[in-house]
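**Student:** just need the structure, nothing else, for what follows:
(one chain, ligands or ions: 1)
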Amino acid sequence: MKKILLLLATALAAQSGYAQIQPCGTDEMRQQLLAEHPELLQFEAELEKQLEAGMRQFDFRTAAKTTAVDQTDNPNFWYDIPIVIHIIHDYNPYSTSTFNGDYIPDDFIFKTVNDWNIVFAKKNADTADVIPPFKKYIGNARIRLHLATKDPNGNPTKGITRRRSYLTYNGGNDAKFDGWSPTSYINLWFINKMSAANNNAAAYAYKPAAATYIPFYDGVISLAGYMNNGSKTMPHELGHVLNLSHTWGDNNQPGNACGDDNVDDTPPTRGHPTTGCTFASLYDTVCCTNYYKLYTNALGELYIVNYPDTANSQNIMDYTYCDKMFTKGQVYRMHQALNSNIAGRNNLWDSTNLVMTGALMPMPDLKPIPDFSVVNISGGSYLAKNANFAFPDKEIRFINQTQNDTLDALNWTFTNGASSPTSTSTTNFTNSFSEPGWVTVTMKATGNNTGDTTVVFDKSVYVTERTGYNTVAGYFQEFNESGDRNKWPMFNYYNNEFKWQYASVGAFDNASLMYKGYDERVTATSSPITGSPKGDFDDVFSLPVDLTGWGGACNLNFFYSGASRSSISTAINDSLFIDYTINKGTTWTSLAKLGKSDLFNKGTITTPYTPTSTADWEPKTIALPTAAITNYTTFRFRYKPGAGSNGVTSSGNNFYMDRIHFASWPASASDIKAGVASVAIVPNPTVGDAWVIVSDATNTTAAITVTDITGKVVYSAEQAVKGTQARILIPSAHIAAKGIYLIQTVTGSQMNTQKLVVY
Ligand SMILES: [Zn+2]
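**Tutor:** Numbers count the residues shown, from 1 in each chain. All right, here's what the predicted structure looks like:
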């Protein structure tokens, strides 16, 4: 596995812009933490002191302590430790041969945990290949990892959690939102890809001193590809959890300078990069020629231990691909960590904790948890995974993702005129729907001797309208409850708090569409609620519209109001992608990508933003290309929230859209021909009332119609006019939103249209 990944990494590194995957990011993450918490050094020093106090009683001649203070050296004592595996995934199937994907199956997890235990019991067969100088130093860690059978609430579990998140592609501490108490369980998270902030590491962990500062992040996070049994990445990372350093010290630059790890039987070394088991690595003597240590035993006698004059390149805490062993000194150091209260490591194997976590209990037989994902068959840039916007009669594929038990049977039922109203497939099958609306999917999963579980999914698939809505008569989506907003389905694909929802404020009424971009999380170190928004996206789809009646020129118009949460311009990364399809979702074409300058008309607001007056709204007009003007065009509004400068909270605040409309009104009102000179609008521009002045009118009436940029009539009036200057009021309440209005004035047989700018 490592070799495959190395080849891949080398190939990627050859292209510019890709960084090579590093085996372990533990040291970088410690450095980042140290920068934020310099006092961490003190804790590390304290732990070292505790360790050394124990070490002085350790006689390396006999490899047995003269005074037994704990179970560290009892060859019959095993450290039983509860663990929990968190699978952060996007339903990407996991291959147990190439280790690609992220949805790791239970059985593979069971097998792999067993493989780690083989290493921690010194039963891995490759210890036979340890070179002669180190054979006598191979340590038996006597550690047994157990998948917990009770969760923190005491409910039965298999010690595995699954959560779908975009953070599987952008992993790091923020993906650790579902950790269990780290003093009761060692948490291990598995993801698809690390974020750049985590140095493209394959995995990293926190040593106990660092973990005391950030208990939420304590544990191991790793690429799903490194869980595999052929690799000792997890024993390496768990070594860090139990306070082991890299053999060359606490940095991530193997092969540079001679260093030490405070473990005597791992000789000083420069360490070795991931270059494979070369002779040069195996018999590297650069830093350890004539290496020995002097000790005083408990009786006050001095003695010397002549350690090998060769680096221990086969050590699991080196980076070589020859990793086969921990040394006895490392085992001792791990045991010391397990007997220390720093980060509560001594509680992990405490007998009460073992009962509480059910660590020593047999794996329970649990009922299945029905689940499924959906993918488009006909293409489209996004496979919707567990939620889908579907067109009538278009086939989509349903994939069984049921977990937790071996299935005896699975029964699916579907509403909405499904082509397959029922199915018993345990793998995948296609289906299509003739009736618009939300499809109800019911799954009944029958486990092996555990009974059945039925789950009703009522908002996973939305089937849109069969024909395009004729917009010429005027179509305004105001997101009022009384309108047809339910035909504009919203998808919160990753089921988090960044999402589209209805708001009870609007540009001209009390309703609008809102993207909730402000999450309530306060600081970077508080308990994660959702995690970084980076990588998330959420969609709203329009109903299909018929735009052919507009004579070949048509705009998408709407009002918007938004603010950024971050005040650092370069850290504002929110964007709204507007795409359209004219072929029932087979392809989506980009219409516009709106960034901060298009979205955040209200500047920076650090509290959750709500518009309070019509003046907070701005009009927006996007001219449609000819290709988009069909009798069945559907629009997709995809919001991608950005992460602020701290990488954790959102960069954007709440964003609102309202009065979405399709019309032939020109994109810019300057295109409108000036009317006859006898009509003027004053003042123009205005911030309050405005008047239409009709000059030299004979006895007649004037009818005025005021429309906003979307074509919606916001005011109309008719009154008698006569004299040199007749005035007709346009009350400010009707033109409160700033932007451009069109004023149509009809006097007798004359019609005049002028623009009015409200600022
Ligand atoms: Zn490491």
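
**Student:** wait, is residue 347 part of a helix?
**Tutor:** Yes: judged by DSSP: H, G, I helix; E, B strand; the rest coil, residue 347 forms part of a helix.

**Student:** pretty sure it sits against residue 356.
**Tutor:** No: applying C-beta atoms under 8 Å as the test, residue 347 and residue 356 come out as separate, 10.0 Å apart. Quick note: C-beta positions are derived from backbone N, CA and C, even for glycine.

**Student:** any common contacting residues for the two?
**Tutor:** Common neighbours of residue 347 and residue 356, counting by C-beta atoms under 8 Å, 6 or more residues apart in numbering, are residue 184.

**Student:** point out where the chain drops to low pLDDT.
**Tutor:** In the predicted model of the chain, residues 1-21, 51-73, 199, 229, 378-386, 521-530, 665-678, 696-699, 724, 748-749 satisfy pLDDT under 70.

**Student:** residues in it within reach of the ion, list them.
**Tutor:** For the chain, the residues in contact with the ion under the definition C-beta under 5 Å from the ion are 24, 26.

**Student:** try it again at 8 Å.
**Tutor:** If contact is defined as C-beta under 8 Å from the ion, the residues of the chain in contact with the ion are 23-27, 203-205, 236-237, 239-240, 246, 252, 317, 319.

**Student:** of these, keep whichever come out buried.
**Tutor:** 23-27, 203-205, 236-237, 239-240, 246, 252, 317, 319 (16 or more other C-beta atoms under 10 Å).

**Student:** for the ion, what's the nearest residue on the stretch 251-400 of the chain?
**Tutor:** Taking C-beta to the ion, the ion has its nearest neighbour within the stretch 251-400 of the chain at residue 317, 6.7 Å off.

**Student:** what of the stretch 501-650 of the chain?
**Tutor:** Counting by C-beta to the ion, the stretch 501-650 of the chain gets nearest the ion through residue 647, at 22.5 Å.

**Student:** what's near enough to touch that residue?
**Tutor:** Contact criterion C-beta under 8 Å, 6+ apart gives 174, 197, 524, 532, 534 as the residues in contact with residue 647.

**Student:** let's see that with 10 Å instead.
**Tutor:** Listed by C-beta atoms under 10 Å, 6 or more residues apart in numbering, the contact partners of residue 647 are 172-174, 195, 197, 524, 532, 534, 571.

**Student:** make sure residue 49 is indeed in a helix.
**Tutor:** Yes: under three-state DSSP, residue 49 sits within a helix.

**Student:** ok, now how distant is it from residue 336?
**Tutor:** 11 Å (C-beta to C-beta, to the nearest Å).

**Student:** spell out the residue ranges of the helices in the stretch 151-300 of the chain.
**Tutor:** Applying DSSP state H, counting those that start in this stretch to the stretch 151-300 of the chain gives helices spanning 208-213, 233-241, 279-282.

**Student:** same question for the stretch 301-450 of the chain.
**Tutor:** Listed from the start of the chain, the stretch 301-450 of the chain has helices (DSSP H, counting those that start in this stretch) covering 328-338, 345-348, 351-356.

**Student:** which of these is buried the deepest?
**Tutor:** helix 328-338 (a mean of 24; mean count of other C-beta atoms under 10 Å).

**Student:** in the stretch 51-200 of the chain, which spans are strands?
**Tutor:** Secondary structure of the stretch 51-200 of the chain, counting by DSSP state E, counting those that start in this stretch: strands at 58-59, 64-65, 79-89, 143-147, 160-164, 186-191.

**Student:** okay, domains of this protein per the record?
**Tutor:** 50-356, 374-463, 469-663, 673-758 (automatic domain parsing).

**Student:** what number of residues lie near the closest residue to residue 248 other than its chain neighbours?
**Tutor:** Of all residues beyond its chain neighbours, the one nearest residue 248 is residue 271 (3.3 Å), with distances taken as C-beta to C-beta, 6 or more residues apart in numbering. Burial of residue 271 is recorded as 29 neighbouring residues (other C-beta atoms under 10 Å).

**Student:** so where do the helices sit in the stretch 1-150 of the chain?
**Tutor:** Shown for the stretch 1-150 of the chain, the helices assigned by DSSP H, counting those that start in this stretch span residues 2-14, 26-36, 40-55, 106-120, 132-135.

**Student:** list the contacts of the shortest one.
**Tutor:** Right, the one you point to is helix 132-135. Applying C-beta under 10 Å, 6+ apart, the set of residues contacting helix 132-135 from outside is 127-128, 265-267, 283, 307-315, 324-325, 327.

**Student:** ok, now which ones touch whichever residue of the chain sits closest to the ion?
**Tutor:** Among the residues of the chain, residue 24 lies closest to the ion, at 2.9 Å counting by C-beta to the ion. Each residue near residue 24 by C-beta under 10 Å, 6+ apart is listed here: 199, 201-205, 222, 226, 233, 236-237, 239-240, 246, 252, 254, 317, 319.

**Student:** gap between residue 733 and residue 170?
**Tutor:** When distance is defined by C-beta to C-beta, residue 733 is 47 Å away from residue 170.

**Student:** who has more neighbours out of the two?
**Tutor:** residue 170 (23 against 11).

**Student:** got the contact list for that one?
**Tutor:** Residue 170 neighbours (C-beta under 10 Å, 6+ apart): 191-198, 531-532, 534-536, 643.

**Student:** could you redo the last one with a cut-off of 6 Å?
**Tutor:** With C-beta atoms under 6 Å, 6 or more residues apart in numbering as the criterion, the residues that contact residue 170 are 195, 534-535.

**Student:** could you dump those residues into CSV with distance to residue 550 added?
**Tutor:** Below are the contacts of residue 170 laid out as CSV (distance: C-beta to C-beta, whole Å):
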residue, distance to residue 550
195, 45
534, 39
535, 38
